[in-house]
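Visitor: Sequence unavailable; structure follows:
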């Protein structure tokens, strides 16, 4: 789901009811862009309450006389009556059975708060007309009761014409309204390249903040600790020195080291394992003895329980014996490894 800024940059068509990423209505999003544009065109732009009004509405020619269509522009002009120098900025989505087009209406109140002038812009002109007429602006002027009543106060200014086969009329209307509200003239391009939508998009984006950088870090000077040529890395520990070298004939690395004596903690580990083995033998023997007494009726237990105890005791005896045997074998293997480690190895 695109944002209105994305649609602005791409120059896509815009209707009065679109699903936007912000979740806001089209009118609310357009008003936000309008105010941002005003601030960019005039940094001192700080409207007071009621001094500037922005709104949109739609008119469908095919529904003329069939349904009542609200004229929001006329309502806002009436509401602004009595507010000196108030500005009414309006975008109208004008449609018929064939298509739709946006044009802009801008009303200016005088020092007494009475309607002074109405400026209408249209980014597409009627090529067949002898005078400059907007393709929907002129139809609006000819059919709208409020505009007909105030026809003497209307001036039509085309503004920048949109490129053929594009749907950027809403972008032109928005730009013209922001410029009329701040500069009292239609929008003028600030850059020669790109589209109007791309120009406004870059204008609305916040400037990229450059991080403050200190003095440039100087590269380390070559010294004994940082030689220019790679050397054999040497890692030193408290008790052991491990030197890694790379054989010129083999891609794998060979590690040369001298084995250390057995750590004091190793005998303790073996002792614990030996004690555990003896413990298992003792428990196994005890359980087996109890089961034997139960089977000989010395102790009163049921037959299944007695047999279960006997089997359990025998299993514990077997486990204890296996562990004891393993400990003896490991002790002998450690002695052999300790002797072998005193030899040296190298790659030829």
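Guide: In hand now; what should we look at? Because the structure is a prediction, the values reported are computed rather than measured.
Visitor: contacts, neighbours, all on C-alpha from now
Guide: OK.
Visitor: Residue 91 and residue 175 touch, don't they?
Guide: No. Look at residue 91 against residue 175 with Cα atoms under 8 Å: they stay out of range, at 10.7 Å.
Visitor: need the strands for the stretch 1-150 of the chain, in chain order.
Guide: 52-60, 87-95, 100-109, 115-121 (DSSP state E, counting those that start in this stretch).
Visitor: Mean neighbour count, distance to residue 18 and mean pLDDT for the ones you listed - can I get that in CSV?
Guide: Shown next, in CSV, are those (neighbours: other Cα atoms under 10 Å; distance: least, Cα to Cα, whole Å; pLDDT from 0 to 100):
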stretch, mean neighbour count, distance to residue 18, mean pLDDT
strand 52-60, 18, 14, 96
strand 87-95, 23, 13, 97
strand 100-109, 24, 15, 97
strand 115-121, 21, 24, 98
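Visitor: Ok, which of those strands comes nearest residue 316?
Guide: With Cα to Cα as the measure, strand 52-60 is the member of those nearest residue 316 (87.9 Å).
Visitor: in its sheet, what does the closest one sit against?
Guide: strand 87-95 (parallel) (DSSP bridges).
Visitor: about what we covered before: dump the strands of the stretch 1-150 of the chain to JSON lines, plus distance to residue 6.
Guide: Listed next are the strands of the stretch 1-150 of the chain as JSON lines, based on distance: least, Cα to Cα, whole Å:
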{"stretch": "strand 52-60", "distance to residue 6": "20"}
{"stretch": "strand 87-95", "distance to residue 6": "20"}
{"stretch": "strand 100-109", "distance to residue 6": "19"}
{"stretch": "strand 115-121", "distance to residue 6": "24"}
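Visitor: Figure out which of those strands is closest to residue 315.
Guide: Closest of the strands of the stretch 1-150 of the chain to residue 315 is strand 52-60, at 88.1 Å (criterion: Cα to Cα).
Visitor: just the angle between that closest one and strand 100-109, please?
Guide: Orientation check (axes from the mean of the first three to the mean of the last three Cα atoms, to 10 degrees): strand 52-60 against strand 100-109 gives 140 degrees.
Visitor: does residue 182 really touch residue 40, like I thought?
Guide: No. Assessed by Cα under 8 Å, residue 182 is found out of contact with residue 40, at 9.8 Å.
Visitor: Next, show the common contact partners of the two.
Guide: Common contacts of residue 182 and residue 40 (Cα atoms under 8 Å, 6 or more residues apart in numbering): none found.
Visitor: Poorly predicted segments of the stretch 151-300 of the chain, please.
Guide: 207-274, 277, 280-281, 284, 287-288, 290-291, 293-300 (pLDDT under 70).
Visitor: Kindly provide the distance from residue 168 to residue 199.
Guide: Distance, residue 168 to residue 199, by Cα to Cα, to the nearest Å: 13 Å.
Visitor: For the two, indicate the residue with more neighbours.
Guide: Between residue 168 and residue 199, counting by other Cα atoms under 10 Å, residue 168 is the more crowded of the two (25 against 17).
Visitor: quick one: contacts for the more buried one?
Guide: In this structure, residue 168 makes contact with 11-13, 162, 197, judged by Cα under 8 Å, 6+ apart.
Visitor: likewise residue 276?
Guide: residue 320.
Visitor: got it, and the one 3 residues further on?
Guide: Residue 279 makes contacts with residue 320, as judged by Cα under 8 Å, 6+ apart.
Visitor: What separation do you get for residue 74 and residue 109?
Guide: In terms of Cα to Cα, residue 74 sits 13 Å off from residue 109.
Visitor: And residue 322, by the same measure?
Guide: Taking Cα to Cα, one finds residue 322 at 104 Å from residue 109.
Visitor: burial count for residue 113?
Guide: 16.
Visitor: Next: residue 158.
Guide: With other Cα under 10 Å as criterion, residue 158 counts 21.
Visitor: Tell me if I'm right that it and residue 123 touch.
Guide: Yes. Residue 158 is within contact range of residue 123, at 6.0 Å (criterion: Cα under 8 Å).
Visitor: Next, show the common contact partners of the two.
Guide: residue 134.
Visitor: about what we covered before: mind giving me the ChimeraX command for buried ones among the contacts of residue 168?
Guide: Buried residues within these, by 16 or more other Cα atoms under 10 Å, are selected in ChimeraX with:
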select :11,12,162,197
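Visitor: could you dump the contacts of residue 168 to a markdown table with distance to residue 80?
Guide: Shown next, in a markdown table, are the contacts of residue 168 (distance: Cα to Cα, whole Å):
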| residue | distance to residue 80 |
| --- | --- |
| 11 | 33 |
| 12 | 33 |
| 13 | 31 |
| 162 | 31 |
| 197 | 31 |
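Visitor: right, and out of the contacts of residue 168, which lies closest to residue 62?
Guide: Distances from residue 62 to the contacts of residue 168, taken by Cα to Cα, are shortest for residue 13, at 20.6 Å.
Visitor: roughly how far apart are that closest one and residue 4?
Guide: Computed as Cα to Cα, the residue 13 to residue 4 distance reads 11 Å.
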